[in-house]
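[1] Pasting the sequence and the predicted coordinates here, then a few questions.
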Amino acid sequence: MSNQYKGKPMEKDIREIEIAKISPNLRMIYPAECIEEIVQFIKHQGQVEPIRISFEHDVFKILDGEKRWRACKRLGMRSIRAVIAETL
């Protein structure tokens, strides 16, 4: 992956990011029913709220929106709306 995101102020920009390029927090465990509720919501309403991610060491990491990311992935979506937080 190129360094096109590194060091650029993007806190307010909502972008479409490929789901496969986002690394989940594997320590987070959610009940299946919780994710299924979000799956149903996104299926009918779309992704209303973007997730928040950071770009560190050539990888996107989820800061907020892990359940939305998992729901979109379960739906087979290829990309997700996200806000890229500035790195300090």
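    That came in fine, so what should we check first? Predicted model only: the values in this text are computed from it and were never measured.

[2] so what's K43 up against?
    When contacts are counted by C-beta atoms under 8 Å, 6 or more residues apart in numbering, K43 touches L75. No exception for glycine: its C-beta is placed from N, CA and C like everyone else's.

[3] give me the element it is part of.
    In this structure, K43 sits in helix 32-45 according to DSSP states H and E.

[4] what about that helix, distance to the chain center?
    15 Å (C-alpha atoms, centre = their mean, to the nearest Å).

[5] Touching the very next helix or strand once past that helix from outside, list them.
    Using DSSP H and E, the next helix or strand after helix 32-45 towards the C-terminus is strand 51-56. Contacts to strand 51-56, defined as C-beta under 8 Å, 6+ apart, come from residues 5-6, 17, 22, 60-66, 68-69, 80-85, 87.

[6] if you set the cut-off to 7 Å instead, what comes out?
    Strand 51-56 is contacted from outside by 5-6, 17, 22, 60-65, 68-69, 80, 82-85, 87, using C-beta atoms under 7 Å, 6 or more residues apart in numbering.

[7] related to what we said a few turns ago, any idea of the mean pLDDT for the helix holding K43?
    The average pLDDT within helix 32-45 is 95.

[8] how about low-confidence regions in this structure?
    For the chain, applying pLDDT under 70 flags the ranges 1-12, 87-88.

[9] ok, now with 90
    For the chain, applying pLDDT under 90 flags the ranges 1-13, 24-30, 56-59, 86-88.
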